[in-house]
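Student: The following comprises the amino acid sequence and a computationally predicted model.
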Amino acid sequence: MTEPYYIKESKRMCKESGMDPNEVSRPKNFLSEVEFADKRKSYSEILSVVSFFSNKLLNSLKGTPILVVVSDENGYLLEIEGDETIKSTIEQFGIKLGSLFTQEDTGTNVVSLSLLQKHPISLIGDQHYHTFLHGIACYGTAFHYTDDNNLLGSVSIMMPISFQNPLFLTMLTQAVDSIERELLLRKQNKKLNIMNQIMLSRTRNGIVVTDEFGITTEFNEFAEKISNNSRESVVGRHIYDSPITGDYFKEVLEQGKIVENEEIKFKDDAGNLVVCLFDAQPIYEDYKMIGAFGQFRDISDRYLLQEKYNYLAYHDDLTNLPNRRYINREVETIITELNAGHHRTMALLYIDLDRFKVINDNFGHSHGDELIIKVSERLRSCLGEKDTLARMGGDEFIFLLTDFVSPDYATTKAEEILNLFHEPFQVGTKELHTTASIGIAIYPDYPISMEKLMVYADNAMYQAKSQGKNRYVIHTSELLEDMMDEYSLEIDLRRALENNEFVLHYQPQIHNQSGKLVGFEALIRWQHPRLGLLPPGKFIKLAEENGLITQIGEWVINEACSQNKKWQNAGMEPIKVSVNLSTQQFLTRNLVTYMEDVLKRTALDPHYIVVEITEYMAMEYDYSIIVLNKLKSLGIGISIDDFGTGYSSLNYLKNFPIDYIKIDKSFISEIMNDPNDAIIVKAIITLAHNLQKEVIAEGVETKEQLDFLTKHQCDITQGYFFSKPLPIEEIEKIYLER
C-alpha cells in the first residue's frame, strides 16, 4: 500500500536527522507537576468535553484493547485512557502524561502528524519509523474551535495491529465532530452574559429560571417541548419538587454549586426516551444570589444515533432513506410486541415503479438515479406521523404504516401515493413520466411472520402489475389460491420424514485465488408428492413453529455426512460440506452427542463437516461458547452465517472458536451500487483476516461482484455466478467426476 506523502516526509526527516529506527526514541521534554496541573486546569472544560465523548467511544468498543490519548495543540499529552496493558507498555517507552510529542524527539508518531494535518490520519505498523512501534495501529485527528479554526489539540486511539479496522477512523472522526460542536457551543455561550442567556425567545435550549427561594419564574418554549410540561403548570411551583432537576437546583441555590454537562434521561408522556445535557448556576446581583439559571440541551437524536447499530447498514446511500434491513427489523419488533399482547396495527405498502427499466435503458443510469431521488422526495411528502418510508432496492419502495385507527388508512395512503405520479418528474432537461404499482398487506388478527407479511405485500404488488399497473391491490386469501393451504401442509410435513420426502441439494463453494472447488453447502428441499420440489422458504418456518425443525435438522446432518463419506469411498477428492443449524437445534442439549454419534456411524473425518450458526444464536454467550468449544474439540468446522445482519459482537468473534465468517448476501448484492455496502464488506474481510478467520461470500451473482471480492482478498465464494444448489446426480456429473 502506498504511504501518504506526509508519512514519507516524516520518515525522510527522521532518517536525515540520524535517528536509528531500531532504538527506542523517547520524549525529551516534560511538563513539571505544577506546569501539568496548570495546563490541565486551563484545559479543564475542553478535557471534560473530550472525555465525555471519548468515554462513549471506549464504551462502544468494549472488549477491544484500545487506548485513547489526548494532547494539547503543542503535543503535550494531557489524557491517557483505556486498556491498562497498553498503557503500561507505552510507559516503558517514556510515554506518559505531560510528555511532549514532536517528530524531532520521537520520530513518526500519530500525535504530531494529527496536529500537522487538516484531516484524520491512520499510522499502522511499519508506517511508523521506529520498529518498536510496528506492532501498533494508530488513528488520530486534530480538533479545533471551528469558528476560527483555532487548533486546540488532538485525539488519537492506539491498539495492537491485529485489531486494526478502517471503521475505527470513521468512529473517531464522528466523536471529534461531536467534540467540536460541543466546544463551539460552550465557547459561544461564554460570550453571553447571564441576561443574554435568559433571552428565552432567542435560544434553542430549554431554559428554567428560579428566584432565590427556588420558585420557578421562567420556563421557555423549548423547555416545554423537551419536558412535555406546559409553562403554566411549572411557573410558580417550587423547583425542588421536580423529580428530574430538583436535586440539582437545591445544590445550586443552597451551596452555590455550578452544574455542568450532566446527562439526564427521562421518559416523556408518550413513553419516548429523552436525553439532555443539563447545566445550572447561581444568578448574582451585586454579589448577592438572586436565583438560579438552568438549561437543557436536547441530545436525544444524537444519543440514539450513537446507540444505533451500524448506521451504514440500515440506510440507502442514494436517497438517505431507511433500507430493507431497517424495515425488516422494525416489522420484526412490532410483531414481537403484537405477540406479547400489545395493541398495535400495521400495514405494508410495497411500491414498484412502472416502466423504470425502460427509462434506465433509454436515458442512462444517471437519469435513473436522479429519478429515484425525485420519487423519494415526493413519497416523503405524504409521510404520516407514524409512517416509515424505505427504499428496498432498485425502483422498489415500501411504506410501513403503524398504529392507525381506521382500516381505510392503508388504501387512502395508497391513493395519495398514486396521485403523486400524475405530474411528470423534471430530471435534468427532460420530463420523465412514470407510475407506480402498489401491493398492500395488512397485518391480520393472528400471528404471521415478517417474511410472510412481506410476501403478501410483494404478491399483491405483482398482482397490481398484472392488472395493468398504476393501481393498488390489497392482499386477500384469494390471491393465494395457487399457494398451499398451511394447515394441510403441516399435516404433510409431519409425514415427510417418515416417507423420506426430503432431499439435499448442494451449492459449490469456490476458492477465489485457486479457482478450486473447496466445499459444498447442503441445502434442504422437500419433494412434496403433490406440489413438487419445495424450497426451504416454503416449510422451514412452519417446521420451527410446530417443533419439527430439530428432527429435520438431524436428518440433514446425517444425510450430509453419509453422502460426503460415500463420495470419499468412491474415490472422490475429500472436501468439506457445511450444514445449517436452526436456533432450536443449536439449543438442544444433545447436539454434541448427536454429532459424535453421526460421525462415528458414518466414519466421516470431522474435518470434512462444517456447522453454520447465526449471530442470533451466539447471543446465548455462556451456552454458545461451551457448545462451540465441544464441537471444535471433535474437529468440526464452525461458521458464522449471515454475518452483519444480527447482533454482531467483536467480543464473540474474538472468543468463539470460529473458522469461517459468511458475509450475508444482502451486502453482496449491493456492493457494486452502494458504497456503504462496499465499505462494510471490506471491513468485515479485514476484521476476519486479522482474527485469523476465513471469509465466505454468499449470493455472488455477477463477475463484477466476484472480481471485487477477489481484489479485496475474500477467500471463498458461493452463488449463482458459479452454480445454483444442485441435486446429488448433477453434483457428481458436473463437479466430482471432473
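Tutor: Ah, there it is. Every value quoted in this text rests on a predicted model; they were computed, and no experiment measured them.

Student: who touches the longest helix along the chain?
Tutor: In the chain, taking DSSP state H as the definition, the longest helix is helix 166-190. Residues from elsewhere that reach helix 166-190 (CB atoms under 8 Å, 6 or more residues apart in numbering): 45-46, 49-50, 52-54, 56-57, 60-61, 66, 120, 122, 139-141, 143-147, 152, 155, 157, 159, 197, 297, 302, 679, 682-683, 686. No exception for glycine: its C-beta is placed from N, CA and C like everyone else's.

Student: Could you list the buried residues of that helix?
Tutor: Buried residues in helix 166-190, counting neighbours by 16 or more other CB atoms under 10 Å, are found at 167-169, 171-172, 175-176, 178-180, 182-183, 186-187.

Student: any idea which of those residues is closest to residue 554?
Tutor: Residue 554 has its nearest neighbour among those in residue 167, at 39.1 Å by CB to CB.

Student: give me phi/psi at the residue nearest to residue 324 when sequence neighbours are not counted?
Tutor: Nearest residue to residue 324, sequence neighbours excluded (CB to CB, 6 or more residues apart in numbering): residue 392, at 4.9 Å. Dihedral pair for residue 392: phi -90, psi -10, per degrees, to the nearest 10.

Student: Next one: the nearest residue to residue 540 once chain neighbours are set aside from residue 562, what distance?
Tutor: Residue nearest to residue 540 in three dimensions, not counting chain neighbours: residue 549, with 7.0 Å by CB to CB, 6+ apart. Residue 549 sits 20 Å away from residue 562 when distances are taken as CB to CB, to the nearest Å.

Student: The two: which is more packed in?
Tutor: Each of residue 549 and residue 562 has its neighbours counted (other CB atoms under 10 Å); residue 549 has more, 21 against 15.

Student: Show me what the helix or strand residue 266 falls within is packed up against.
Tutor: Using DSSP states H and E, residue 266 maps to strand 259-267. Applying 3 or more CB pairs under 8 Å, 6 or more residues apart in numbering; DSSP states H and E, one finds that strand 259-267 makes contact with helix 44-60, helix 246-255, strand 273-285.

Student: I'd like the mean pLDDT over the shortest one, please.
Tutor: Average pLDDT, helix 246-255: 92.

Student: Give me the buried stretch members for that helix, please.
Tutor: Using 16+ other CB under 10 Å as the test for burial, helix 246-255 gives 248, 249, 252, 253.

Student: Save the residues you listed as TSV, and put in distance to residue 660 too.
Tutor: Putting those into TSV (distance: CB to CB, whole Å) gives the following:
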residue	distance to residue 660
248	53
249	58
252	58
253	62
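
Student: and which of the residues you listed is nearest residue 356?
Tutor: For those, the nearest to residue 356 is residue 248 (56.5 Å; CB to CB).

Student: Wait, the closest one touches residue 259, no?
Tutor: Yes - between residue 248 and residue 259 a contact is recorded at 5.1 Å, counting by CB atoms under 8 Å.

Student: tell me, what's touching these two both at once?
Tutor: Counting by CB under 8 Å, 6+ apart, the common neighbours of residue 248 and residue 259 are 278, 280, 294.

Student: Can you classify residue 458 by secondary structure?
Tutor: Assigned by DSSP: H, G, I helix; E, B strand; the rest coil, the conformation of residue 458 is helix.

Student: what bridges to the nearest residue to it once chain neighbours are set aside?
Tutor: Leaving aside its chain neighbours, residue 458 sits nearest to residue 350 (5.6 Å; criterion: CB to CB, 6+ apart). As for beta bridges, residue 350 partners with residue 398, residue 439 under DSSP bridges.

Student: Go ahead and confirm residue 350 touches residue 463.
Tutor: No - using CB under 8 Å, residue 350 is not in contact with residue 463; the gap is 10.8 Å.

Student: Common neighbours of those two, please.
Tutor: Jointly contacting residue 350 and residue 463 under the rule CB under 8 Å, 6+ apart are residue 439.

Student: In the stretch 601-738 of the chain, what residue spans correspond to strands?
Tutor: For the stretch 601-738 of the chain, the strands defined by DSSP state E, counting those that start in this stretch cover 609-614, 637-643, 660-663, 694-698, 716-718.

Student: Confidence-wise, which of these is weakest overall?
Tutor: Looking at those, the lowest mean pLDDT belongs to strand 637-643 (a mean of 86).

Student: for that strand, packing partners?
Tutor: strand 576-580, strand 609-614, helix 621-633, strand 660-663.

Student: The second one pairs with which strands, and in what direction?
Tutor: This points to strand 609-614. strand 576-580 (parallel), strand 637-643 (parallel).

Student: Can I get those in JSON lines including distance to residue 658 and mean neighbour count?
Tutor: Listed next are these as JSON lines, based on distance: least, CB to CB, whole Å; neighbours: other CB atoms under 10 Å:
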{"stretch": "strand 576-580", "distance to residue 658": "13", "mean neighbour count": "22"}
{"stretch": "strand 637-643", "distance to residue 658": "5", "mean neighbour count": "23"}
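
Student: So for residue 543, which of these sits nearest?
Tutor: strand 576-580 (12.6 Å).

Student: Can you tell me which of the buried residues of helix 246-255 is nearest residue 690?
Tutor: Closest approach to residue 690 among the buried residues of helix 246-255 (CB to CB): residue 248, at 45.5 Å.

Student: so what's that closest one up against?
Tutor: With CB under 8 Å, 6+ apart, residue 248 has these contacts: 259, 262, 278, 280, 294.

Student: how about 6 Å then?
Tutor: Neighbour list for residue 248: 259, 280 [criterion: CB atoms under 6 Å, 6 or more residues apart in numbering].

Student: Make a markdown table from the helices and strands packed on strand 259-267 and add distance to residue 380 to it.
Tutor: Listed next are the helices and strands packed on strand 259-267 as a markdown table, based on distance: least, CB to CB, whole Å:
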| stretch | distance to residue 380 |
| --- | --- |
| helix 44-60 | 30 |
| helix 246-255 | 40 |
| strand 273-285 | 25 |
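
Student: Among these, which comes closest to residue 80?
Tutor: Judged by CB to CB, the one of those that comes nearest to residue 80 is helix 44-60, at 10.7 Å.

Student: The closest one relative to strand 259-267, how many degrees between them?
Tutor: Calculated by axes from the mean of the first three to the mean of the last three CA atoms, to 10 degrees, helix 44-60 forms an angle of 40 degrees with strand 259-267.

Student: Helix 44-60 packs against which elements?
Tutor: If you count contacts as 3 or more CB pairs under 6 Å, 6 or more residues apart in numbering; DSSP states H and E, helix 44-60 packs onto helix 166-190.

Student: Report how many residues lie close to residue 241.
Tutor: Around residue 241 there are 10 residues (other CB under 10 Å).

Student: That should have said residue 271, apologies.
Tutor: When neighbours are counted by other CB under 10 Å, residue 271 registers 6.

Student: Check residue 654 too.
Tutor: With other CB under 10 Å as criterion, residue 654 counts 14.

Student: rewinding a little: for my notes, please list the helices and strands packed on strand 637-643 in TSV and give distance to residue 95 for each entry.
Tutor: What follows is these, written out as TSV (distance: least, CB to CB, whole Å):
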stretch	distance to residue 95
strand 576-580	47
strand 609-614	42
helix 621-633	35
strand 660-663	35
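
Student: out of these, which comes closest to residue 445?
Tutor: Closest to residue 445 of the helices and strands packed on strand 637-643 is strand 609-614 (CB to CB; 30.0 Å).

Student: Using CSV, write out every CA atom in that closest one.
Tutor: In CSV, the C-alpha atoms belonging to strand 609-614 read as follows (Å, rounded to 0.1, in the frame of the first residue of the first chain):
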residue,chain,number,x,y,z
ILE,A,609,-18.1,-31.3,8.1
VAL,A,610,-18.8,-27.6,9.0
VAL,A,611,-21.8,-26.4,11.0
GLU,A,612,-23.2,-22.9,10.4
ILE,A,613,-24.7,-20.9,13.2
THR,A,614,-26.2,-17.4,13.1
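
Student: what is the orientation angle of it with strand 694-698?
Tutor: 70 degrees.

Student: next one: strand 609-614 to chain centre, how far?
Tutor: Mean-position distance between strand 609-614 and its chain equals 23 Å (CA atoms, centre = their mean, to the nearest Å).
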